[in-house]
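K.L.:
Task: produce atomic coordinates for the following.
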Amino acid sequence: MCVWTAGMVAQKTVQNLPTFDKQRIHFGFYIGTNMMNFNMKHSGATFTDPSNGRDYQLFGDLSALNPGFHVGLVSSLRLGEYFNLRFLPGISFGQRDVEFTRFYLDTEELVSVDDPIPVKSTFIEIPVLFKYKAVRDGNAKPYLIAGSTVRLDLARSKREDMVLKPFDVALDFGVGSDFYFNFFRFGLEARISIGMMDVLWHDRPAGDFNPNYINAIDRLTSNMFIISLNFE
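P.N.:
I've put the predicted structure just below:
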């Protein structure tokens, strides 16, 4: 009985990659999925329906959340026992479908407008994040992460009714846990990225699109929910 207990204690104390966290800098890669969303502040502008002369307002919302995909590189600088600075350049793909509804002022009737407007994005993104690590427990170590991300949208289409500006900056917050294996460290991470800039192109030149969709929105910010698998 004593021999079995001592063996179990010894087995629990064996750690994979015991010196991994002492490296000054290390590299890896990540893959994962994301959900892109919009936060809309409506302008309250009033429009007139030419078919019946009735006044209405337009309100937009996402018709559904579409899963996206992202991949990138990991470079991590050790700042101390509990802190790392993470530089995670990558590329992210996704789409948001915006559906507008007319609110007729005379009858307070809600009527859906046409089909959802697809807003596709391909982001070149550069997150710079601080990672606060807990004390390692065996072969697992939970952590918190926070920082900011710069994004450049390469996939915006000028033919759609809603066009985004190419540049955005976001604040990121998240949690995760690292798991140590014989030859690599695996991390599972969930992060929220909150856009800080108005990304709707309000003053685009006149063309073959409905300007009411733009005039109905006072401010449009881009948010993302991100799940990443890190291999380091």
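K.L.:
Quick check: next helix or strand after the lengthiest strand in the chain?
P.N.:
Looking across the chain with DSSP state E, the single longest strand is strand 109-133. As assigned by DSSP states H and E, the chain's next helix or strand after strand 109-133 is strand 140-153.
K.L.:
Quick one: list the elements packing against that next one.
P.N.:
For strand 140-153, the packing partners by 3 or more Cβ pairs under 8 Å, 6 or more residues apart in numbering; DSSP states H and E come out as strand 109-133, strand 167-180, strand 185-195. Glycine gets a C-beta too; all of them are placed from N, C-alpha and C.
K.L.:
Lowest average pLDDT across those strands?
P.N.:
Looking at the helices and strands packed on strand 140-153, the lowest mean pLDDT belongs to strand 109-133 (a mean of 92).
K.L.:
In it, which residues are buried?
P.N.:
113, 116-117, 119-121, 123, 125, 127, 129, 131, 133 (16 or more other Cβ atoms under 10 Å).
K.L.:
give me the number of residues near Val74?
P.N.:
19 (other Cβ atoms under 10 Å).
K.L.:
Can you tell me the strand partners of the helix or strand containing it and which way each runs?
P.N.:
Assigned by DSSP H and E, Val74 belongs to strand 67-78. When pairing is defined by DSSP bridges, strand 67-78 lines up against strand 25-42 (antiparallel), strand 83-87 (antiparallel), strand 90-104 (antiparallel).
K.L.:
Kindly export the last one (C-alpha atoms) in PDB.
P.N.:
What that stands for is strand 90-104. Extracted in PDB, the C-alpha atoms of strand 90-104 (Å, rounded to 0.1, in the frame of the first residue of the first chain):
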ATOM      1  CA  GLY A  90      -1.900  36.000 -39.100                       C
ATOM      2  CA  ILE A  91      -4.700  36.000 -41.500                       C
ATOM      3  CA  SER A  92      -8.400  35.700 -40.700                       C
ATOM      4  CA  PHE A  93     -11.400  34.900 -43.000                       C
ATOM      5  CA  GLY A  94     -15.100  35.600 -42.300                       C
ATOM      6  CA  GLN A  95     -18.400  36.900 -43.400                       C
ATOM      7  CA  ARG A  96     -21.300  38.900 -41.800                       C
ATOM      8  CA  ASP A  97     -24.700  39.000 -43.300                       C
ATOM      9  CA  VAL A  98     -26.600  42.200 -42.400                       C
ATOM     10  CA  GLU A  99     -30.400  42.200 -42.600                       C
ATOM     11  CA  PHE A 100     -32.300  45.500 -42.600                       C
ATOM     12  CA  THR A 101     -35.800  46.000 -41.400                       C
ATOM     13  CA  ARG A 102     -38.200  48.900 -42.100                       C
ATOM     14  CA  PHE A 103     -40.000  50.400 -39.200                       C
ATOM     15  CA  TYR A 104     -43.000  52.400 -40.500                       C
END
